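> just the structure for this:
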Amino acid sequence: RLPAAKAAHAMMQYVRTMLGAFGWGVYDSLQIHRTVIFLVISSRIRRNTLMCVFLNGLIFIGSYYMLDFVVLPLLRLIITFDLDPNAGEDEKLMGEETSRFLVDTVFSWLYHIFWLWPIYGLGFIINSIWYQGIVDATYDLVHDKNIGRVAKMDFVVEKFYYAFLTVGFYIQMYLVTFIPIVGDFIGFVHFCWLYSLYSFDYKWEKQGRKLTERLQYLERRWPYFLGFGFPLAALSAYFPWIVHQGLIALTAPVFIMLAIMAEPVKIGDGPNAQPQENLVLRLPIYWFPRKCADYAAVCCCGKSSDQQH
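Next up, the predicted model:
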């Protein structure tokens, strides 16, 4: 019984460690009030944040809901008035079905293709520029300005590899949802890690850390980053996918600033406190995405991540 009791005690300690790290991640991600000082002090942070709110909140998300609550109802009303009042019941029914198809399907798709998706694509590029400005200004206020930087050529190659890696992660996130019973939950957990990586990656890149090092850092401290991404993942889970993407872009300035101030905590008290990586098993979250990215990199560039980094 003694070995069993020791094993149970060790398991409880491990679970307590994970829950503690998860809780600290959630705590750090909810310290939104701490970002107000940066908005007050820095005009660059304030300007870039307001532009993010305008583009992603007012224009992108606003355009989506304008379609549902203004444009489509107005078109249905206009087409209904155009129906022949002297037509028979069958003709009226057919006319209503045709108009519903034209408005709800054809026009809705055209609106997405020629308005929402171009805004999303353009916003992806513009947001990255604004985020980088926020990162530079915030980091200079919080940390030492003399930091390491990745060489320009390595930076470009890394960005391409990162795109392949993100696609691989989305594939993994989609595949795990097919796991019976727990699939949706595991997919949600992936969203938490993804949002954490989005938030911290600008900071780590600013510090000159290579991509492989950044991924390993997240995998060794996965409970903390699960907690940090949890609030945003929980918030966006209730919205359609396109609004979901808009919310990520809208809230990114705040979470990027929080990530710059945050540090994954040590577990324990006083001199006995230890880093998370010493107490939590590394979880190979990015093993499959890296394999996908390596394969894509070999096909496109003839190099894998091991050769690049």
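> just checking, what packs against the strand or helix carrying Y161?
Counting by DSSP states H and E, the element that carries Y161 is helix 152-176. Other elements packing on helix 152-176 under the criterion 3 or more CB pairs under 8 Å, 6 or more residues apart in numbering; DSSP states H and E are helix 183-206, helix 211-220, helix 287-301, helix 305-308. (Each C-beta comes from the backbone N, C-alpha and C, glycine too.)
> any chance of these in CSV, with distance to I37 and mean neighbour count too?
Written out in CSV, the entries for the helices and strands packed on helix 152-176 read as follows (distance: least, CB to CB, whole Å; neighbours: other CB atoms under 10 Å):
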stretch, distance to I37, mean neighbour count
helix 183-206, 17, 20
helix 211-220, 27, 18
helix 287-301, 36, 16
helix 305-308, 38, 14
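> and of the ones you listed, who's closest to V53?
helix 183-206 (17.2 Å; CB to CB).
> I'd like the distance from stretch 221-230 to the chain centre, please.
Computed by CA atoms, centre = their mean, to the nearest Å, the chain-centroid distance of stretch 221-230 equals 13 Å.
> SS state for V280?
Assigned state for V280: coil (three-state reduction, DSSP: H, G, I helix; E, B strand; the rest coil).
> tell me who's in contact with it.
Contacts for V280 were tallied using CB atoms under 8 Å, 6 or more residues apart in numbering; they are Y14, T17, M18, A21, R220, R221, W222, P223.
> nearest to L74, of these?
In terms of CB to CB, no member of these lies closer to L74 than W222, at 48.2 Å.
> for the stretch 51-200 of the chain, which spans come out with low pLDDT?
Applying pLDDT under 70 to the stretch 51-200 of the chain picks out residues 80-98, 144-155.
> if we use 80, what do you get?
Segments of the stretch 51-200 of the chain classed as low confidence (criterion: pLDDT under 80) are 76-104, 143-159.
> neighbours of I78, just the number please.
A count of nearby residues for I78, using other CB atoms under 10 Å, gives 11.
> now it: which helix or strand?
With elements taken from DSSP H and E, the one containing I78 is helix 72-82.
> check D140 too.
Assignment of secondary structure by DSSP H and E places D140 within helix 117-142.
> quick one: that helix to chain centroid distance?
In terms of CA atoms, centre = their mean, the centre of helix 117-142 is set 14 Å apart from its chain centre.
> just the buried members of the contacts of V280?
Burial by neighbour count, 16 or more other CB atoms under 10 Å: within these this picks out T17, M18, A21, R220, R221, W222, P223.
> sorry, back to before: centre of the chain to the helix holding Y161, how far?
Averaging C-alpha positions (CA atoms, centre = their mean) puts helix 152-176 13 Å from its chain's average.
> just the angle between that helix and helix 117-142, please?
120 degrees (axes from the mean of the first three to the mean of the last three CA atoms, to 10 degrees).
> buried residues, helix 152-176. List them.
Neighbour-count burial for helix 152-176, with 16+ other CB under 10 Å as criterion, is recorded at V157, E158, Y161, Y162, F164, L165, T166, G168, F169, Q172, M173, V176.
> show me what the helix holding D140 packs onto, helices and strands only.
Under the contact rule (3+ CB pairs under 8 Å, 6+ apart), helix 117-142 is packed against helix 36-41, helix 43-52, helix 183-206, helix 241-261.
> closest one to V26 among these?
In this view, these are compared for proximity to V26 by CB to CB, and helix 183-206 is the closest at 9.9 Å.
> ok, residues contacting that closest one?
25, 131-132, 135-136, 139, 147, 150, 169, 172-174, 176-177, 179, 213-214, 217-218, 222, 225-230, 232-233, 236-237, 248, 252, 255-256, 258-260, 262, 285.
> what about the longest helix in the chain?
Identified as the longest helix of the chain according to DSSP state H is helix 2-29.
> what mean pLDDT does that one have?
If you average the pLDDT over helix 2-29, you get 82.
> who are the packing partners of that helix?
Counting contacts by 3+ CB pairs under 8 Å, 6+ apart, helix 2-29 is packed against helix 222-236, helix 241-261, strand 266-267.
> what comes up buried for the first one?
Residues of helix 222-236 classed as buried: 222-233, 236 (neighbour count, 16+ other CB under 10 Å).
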